[in-house]
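# Turn this into a structure:
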Amino acid sequence: MFKYETHLHTVYGSACASISGRGQAIEYHKAGYSGIFITDHFFRGNTCVPKDLPWDERIHMFCRGYEQAKEVGDEIGLQVFFGWEETFDGQDFLIYGLDKEWMLKHPEMEHWTIKEQFEAVDKAGGLVVHAHPFRDRPYVPKIRLFPKQVHAVEVFNAGNYDEENRQAYMYAKKYNLPGTAGADSHHHDIICSGIEVKEKFNTIFDYVELIKNNKEKRIIYADN
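Predicted structure coming up:
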């Protein structure tokens, strides 16, 4: 079985993180993972990228965490994939399957609605996952659900309370949406979560297709 962490952050893109891309790669490699997905907070979320810079410069800065992790991963034998976490008034979405070059060509993405985001990512062959949909915190004005604007739901997030994860699981089940899981790691004290699969991913699109087609996988809970 091959273990993958699908949701983590670095200090280069996420203002709430304290670990570098290099640090994430090393820590998860030590923990026995086959690969990780860097999903830093994008520009409407808790980003650390200055908002007054030109678009190209902002994107280059945003991708530093992934690029550093990828360089280290290639050296130590850890697969590193790219994604991001976009925020809409407290609601977070994980995007996979698109890359830096695609982002550079789409500066309008910063102003998309949730529906526009889904349509654009879907058209480009990517994946949209509703991250921790029932997280109840002061910075989340209202819990809202978007079953028609996502491909899947994060049914387990290591940063959530048990009841919040249970509700996310029931939400995915009700709308027949595939489930994912992630640690939402921000710091050096990593939590082992994510998914476990029988075949190693060759590209990020193996993950995209796995989730979209709801193929066999095992959810890794924080206490496994």
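# close enough to count as contact, residue 149 and residue 116?
No. Using C-beta atoms under 8 Å, residue 149 makes no contact with residue 116, being 9.3 Å away. In short, each C-beta sits where N, CA and C put it, glycine included.
# okay, these two: which has more neighbours?
Set residue 149 next to residue 116 and count neighbours by other C-beta atoms under 10 Å: residue 149 wins out with 19 against 13.
# State the pLDDT value of the more buried one.
The per-residue pLDDT reported for residue 149 equals 98.
# can you tell me which helix or strand it belongs to?
Secondary structure assignment for residue 149, by DSSP states H and E: no helix or strand.
# Can you pull the phi/psi pair for it?
The phi/psi pair for residue 149 (degrees, to the nearest 10) reads phi -120, psi 20.
# contacting residues for it?
By C-beta atoms under 8 Å, 6 or more residues apart in numbering, the residues touching residue 149 are 114, 115, 117, 118, 128.
# and the two most separated of those?
115 and 128 (10.8 Å; C-beta to C-beta).
# Just the pLDDT at residue 223, thanks.
As predicted, residue 223 sits at a pLDDT of 55.
# Residue ranges in the protein under the pLDDT threshold?
Applying pLDDT under 70 to the chain picks out residues 223-224.
# Tell me where it has helices.
21-30, 55-62, 64-76, 100-104, 114-123, 162-174, 204-212 (DSSP state H).
# excluding its backbone neighbours, what's nearest residue 32?
Nearest non-adjacent residue to residue 32, counting by C-beta to C-beta, 6 or more residues apart in numbering: residue 3, 6.4 Å away.
# about what we covered before: any idea which of the contacts of residue 149 has the most stuff around it?
For the contacts of residue 149, neighbours tallied by other C-beta under 10 Å; top is residue 128, 23 neighbours.
# How about residues contacting stretch 193-207?
So stretch 193-207 is in contact with 1-7, 33-35, 37, 79, 81-83, 96-97, 125, 127, 156-158, 180-183, 210, 216-222, going by C-beta under 8 Å, 6+ apart.
# Now restrict these to buried residues only.
The neighbour count (16 or more other C-beta atoms under 10 Å) marks 3-7, 33-35, 37, 79, 81-83, 96-97, 127, 156-158, 180-183, 210, 217, 219-220 as buried among those.
# Which of the residues you listed fall in strands?
Mapping those onto strands (DSSP state E) picks out 3-7, 35, 37, 79, 81-83, 96, 127, 156-157, 180-182, 219-220.
# quick one: contacts for residue 219?
Per C-beta under 8 Å, 6+ apart, neighbours of residue 219: 155, 156, 179, 181, 195, 196.
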